[in-house]
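>>> can't give you the sequence, but here's the structure:
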């Protein structure tokens, strides 16, 4: 039974919870993006380019992943002050990302591409729903970041779990960004 | 946190800090905001039972209409008010009843009530854990379910009535508030309740998977797990991967309903509204998203019943389960195939026939693992020393129903036949027998079998036998004749068949079915009386292991506290099915392998 004991050491139950949860989130976005592909193949599809502000938000979220990684590193090294600093930067970048996404929606509306309402095309509505649903996951992450930054636990796995989740929503956005720009 | 830390101490599992905690439990922390998986299981069970009674009562009401379309029952008006003007159920009320019956039975009873109850109760006890991976998330899972229940219940009392467009909630009836009375507030509440329900299922499912993978006791390798745990594991995997897709479908539906988008709605013409301003939406898109959950959902309902039946059959045949690895492999095959067959619900949507034939093939493939399971159950019974407890009878009843209902699945899985049988009573008969009643039998088997562990008392056996035989006979008497009606083309969801020349001949048959359904419903009340009476006054359990079973839950005290084992968690030395080995009737999993013990049976 040595293999069994080793397996238990490899992942804690919270890591398993998080990773299975990530699988579940992936399925929700797989559902949405495959619906997008099906819909695109049908009549009445409006083609448009993503506003440039989404490029900015992509850079912001990439940088936030880096600062999150630094925060986790400093936490491991026991440098509480620097850990808190990086956590604050990550939180601010997360909030900026959310605000930039809203800017993106506003840029589309200004370009006469309605996202909702009777004039809307499902191409725009899909963009709103898919990015909006991703923003909800980001928002949950920002709230978790705030809690951990304030509590600043010296031990425990909450920081490494947070870091995994944050990298996941980052990679998820990269996928969505690539999908919305070039694939879908 | 300290409480949790105690529960999950990875060290020697040695300390008894739990008894210590028991003294501080108030009524609220013990029965209401409990984080003990056993209490949460009971909360799921009893909430599920309330829903089963309500959902069953709804079916009796609409069967009353189908059996006696011309009669008038003044008492109906006094309980349903404007929904039964003049003592006859109105068409709107009829549609609301069938819709709510379906939603409630599929999701609230057979998903939350079945896997919510037994996954919570059995996983920590049978894998040898003190509680779930996250007891707090587990509590949340129940509270989201209760919130969903309250919202769904409240939808029955709104002015325009509950949602009435069928349990599958296809657009446009679900997407357009003006489409019917039930599409207004009733649908808003329906979708809120379902969204809460999905969250509850996900929180539960994550926990079940993490607990099974990570919290097994020493020696409990994956291939030593009882089949109940394997079945609940695959159920959780199915739920965690398919419910999010349903949620995605619902989000698009919410946008169409409330924000004027055109995912599902197009420029159709609606009576009384005119042409819609929407453009290019596809109602079929919803069906794909819905059935991508909808088909795995069938197995989310069925697999826990299969697992419990395997366990109960082996125990009461005093024989090891036949073909453990084959049972496990067929569960896995069913779980994989469950994701690849959803379009067989959509053969008449104009699906490309070539694509349809692939779905036919994949659907028929499910017959292979299903047949393996049936074969193994029958060979487990073969030459066994069978103890006909009520739980065992329900387990055997499950196999009977699974065969009867499964065979008609082979008919319906063929696109050529399905085009004739789609949306007829044949389909109703098929899925009620194989999914509805069979899983309900699995649930009854589980309740009769694990009641002594849940409450430290036995259910009354005589009432159990009456319950079984009437329900068993009733299930066949209700659903068998529906096959003939369906073959004759009788469509489902119709309010009144007496006005159709082709279906007038079934008037007496329909009355017969309705009468039997009332008798069967009455017998379920008998079960409820047995259940609640036995919690307080039933015969007390006096031995730790009343069924002489091998699994770990029977090594706990008769009334286990939070933490399950007062001392160390037992170590596991063998699989769960050493019955009738080396001249011994049974050898529990925590007994070390003897020096002179044979290596296999």
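It's in. Predicted, not measured: the structure shown is a model, and the values here were computed from it.

>>> how about the strands in chain A?
Ranges of strands in chain A, per DSSP state E: none exist.

>>> how about the residue of it found nearest chain B, nearest residue that isn't a chain neighbour?
Nearest to chain B in chain A, going by C-beta to the nearest C-beta, is residue A:44, at a distance of 2.9 Å. Every residue, glycine included, has its C-beta placed from N, CA and C. Leaving aside its sequence neighbours, residue A:44 sits nearest to residue B:280 (C-beta to C-beta, 6 or more residues apart in numbering or on different chains; 2.9 Å).

>>> and residue B:283, by the same measure?
Closest to residue B:283 by C-beta to C-beta, 6+ apart is residue B:171, at 4.8 Å.

>>> and residue B:245, by the same measure?
Distances taken as C-beta to C-beta, 6+ apart put residue A:31 closest to residue B:245, at 3.7 Å, once the chain neighbours are dropped.

>>> and the residue nearest to residue A:44, helix, strand or coil?
Classification of residue B:280 using DSSP: H, G, I helix; E, B strand; the rest coil returns coil.

>>> my read: it touches residue B:263, true?
No. With contact defined as C-beta atoms under 8 Å, residue B:280 does not reach residue B:263; the gap is 9.4 Å.

>>> between the two, which is the more surrounded one?
residue B:263 (29 against 18; other C-beta atoms under 10 Å in any protein chain shown).

>>> helix/strand/coil for the more buried one?
State at residue B:263, reduced to three classes by three-state DSSP: coil.

>>> ok, it touching residue A:122?
Yes. Between residue B:263 and residue A:122 there is a contact under C-beta under 8 Å: 5.6 Å.

>>> neighbours of the residue nearest to residue B:245, how many?
For residue A:31, the count of nearby residues is 23 (other C-beta under 10 Å).

>>> so what's it up against?
By C-beta atoms under 8 Å, 6 or more residues apart in numbering or on different chains, residue A:31 lies in contact with B:244, B:245, B:247, B:248, B:249, B:289, B:292.

>>> surely residue B:585 is within a strand?
Yes. Assessed with three-state DSSP, residue B:585 lies in a strand.

>>> give the contact list for it.
B:318, B:548, B:579.

>>> which among these count as buried?
residue B:579 (16 or more other C-beta atoms under 10 Å in any protein chain shown).

>>> how many neighbours does residue B:442 have?
By the measure other C-beta under 10 Å, the count of residues near residue B:442 is 30.

>>> quick check: buried residues in stretch B:51-69?
Within stretch B:51-69, the residues that count as buried by 16+ other C-beta under 10 Å are B:51-52, B:54-56, B:58-69.

>>> where does the closest residue to chain A within the stretch 401-550 of chain B fall, secondary structure wise?
Proximity of the stretch 401-550 of chain B to chain A (C-beta to the nearest C-beta) peaks at residue B:550, 18.8 Å away. Residue B:550 is part of no helix or strand, with elements assigned from DSSP states H and E.

>>> quick one: contacts for it?
Residue B:550 touches B:315, B:576, B:577, B:578, B:579, B:586, B:587, B:588, B:589, counting by C-beta under 8 Å, 6+ apart.

>>> now, those that are in strands?
B:579, B:586.

>>> make a markdown table out of the contacts of residue B:550 and add distance to chain A.
Converted to a markdown table, the contacts of residue B:550 look like this (distance: C-beta to the nearest C-beta, whole Å):
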| residue | distance to chain A |
| --- | --- |
| B:315 | 26 |
| B:576 | 16 |
| B:577 | 19 |
| B:578 | 18 |
| B:579 | 24 |
| B:586 | 23 |
| B:587 | 19 |
| B:588 | 18 |
| B:589 | 14 |
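
>>> out of the contacts of residue B:550, the closest to residue B:163 would be?
Relative to residue B:163, the closest of those is residue B:315; by C-beta to C-beta it sits at 42.5 Å.

>>> any regions of the chain where pLDDT drops low?
Reading this off chain A. Counting by pLDDT under 70, the ranges of chain A that qualify are A:1-9, A:184.

>>> please refer instead to chain B.
Within chain B, the segments meeting pLDDT under 70 span B:1-24, B:600-601.

>>> quick one, what contacts the residue nearest to residue A:44?
A:42, A:43, A:44, A:45, A:121, A:122, B:262, B:266.

>>> out of everything not next to it in sequence, what's closest to the second one?
Nearest non-adjacent residue to residue A:43, counting by C-beta to C-beta, 6+ apart: residue B:280, 5.9 Å away.

>>> that older thread, give the residues shared as contacts by residue B:280 and residue B:263.
By C-beta under 8 Å, 6+ apart, the residues touching both residue B:280 and residue B:263 are residue A:122.

>>> list the contacts of the residue nearest to residue B:283.
With contact set as C-beta under 8 Å, 6+ apart, residue B:171 has these partners: B:253, B:256, B:264, B:265, B:281, B:283, B:286.

>>> show me where chain A has helices.
Under the criterion DSSP state H, chain A contains helices at A:2-10, A:13-40, A:53-77, A:80-110, A:122-151, A:158-178.

>>> list the buried ones in the helix or strand hosting residue B:77?
In this structure, residue B:77 sits in helix B:74-80 according to DSSP H and E. Buried residues in helix B:74-80, counting neighbours by 16+ other C-beta under 10 Å, are found at B:76, B:77, B:80.

>>> stretch B:509-528 now?
Using 16+ other C-beta under 10 Å as the test for burial, stretch B:509-528 gives B:509-511, B:513-514, B:516-517, B:520-521, B:523-524, B:526-527.

>>> equivalent analysis for stretch B:28-43, please.
B:34, B:35, B:36, B:37, B:38, B:39, B:40, B:41, B:42, B:43.

>>> would you format the residues you listed as CSV with distance to residue B:570 and secondary structure included?
Formatted as CSV, these follow (distance: C-beta to C-beta, whole Å; DSSP: H, G, I helix; E, B strand; the rest coil):
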residue, distance to residue B:570, secondary structure
B:34, 24, coil
B:35, 23, coil
B:36, 19, coil
B:37, 18, helix
B:38, 17, helix
B:39, 22, helix
B:40, 23, helix
B:41, 21, helix
B:42, 24, helix
B:43, 27, helix
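
>>> measure the closest residue in space to residue B:588 that isn't next to it in sequence to residue B:123 for me?
Spatial nearest neighbour of residue B:588, excluding adjacent residues (C-beta to C-beta, 6+ apart): residue B:550 at 4.8 Å. Look at residue B:550 and residue B:123: by C-beta to C-beta, to the nearest Å, they are 17 Å apart.

>>> how many neighbouring residues does residue A:12 have?
18.

>>> surely it touches residue B:210?
No. Residue A:12 is beyond contact range of residue B:210, at 9.3 Å (criterion: C-beta under 8 Å).

>>> near chain B, which residues of chain A show up?
A:1, A:4, A:8, A:11-14, A:16-17, A:20-21, A:23-25, A:27-32, A:35, A:38-39, A:42-45, A:116-118, A:120-122, A:125-126, A:128-129, A:133 (C-beta under 8 Å from any C-beta of the partner chain).

>>> and if we set it to 7 Å?
Contacts of chain A with chain B, taken as C-beta under 7 Å from any C-beta of the partner chain, map to A:1, A:4, A:8, A:11, A:13, A:16-17, A:20-21, A:23-25, A:27-28, A:31-32, A:35, A:38-39, A:42-44, A:116-118, A:120, A:122, A:125, A:129, A:133.
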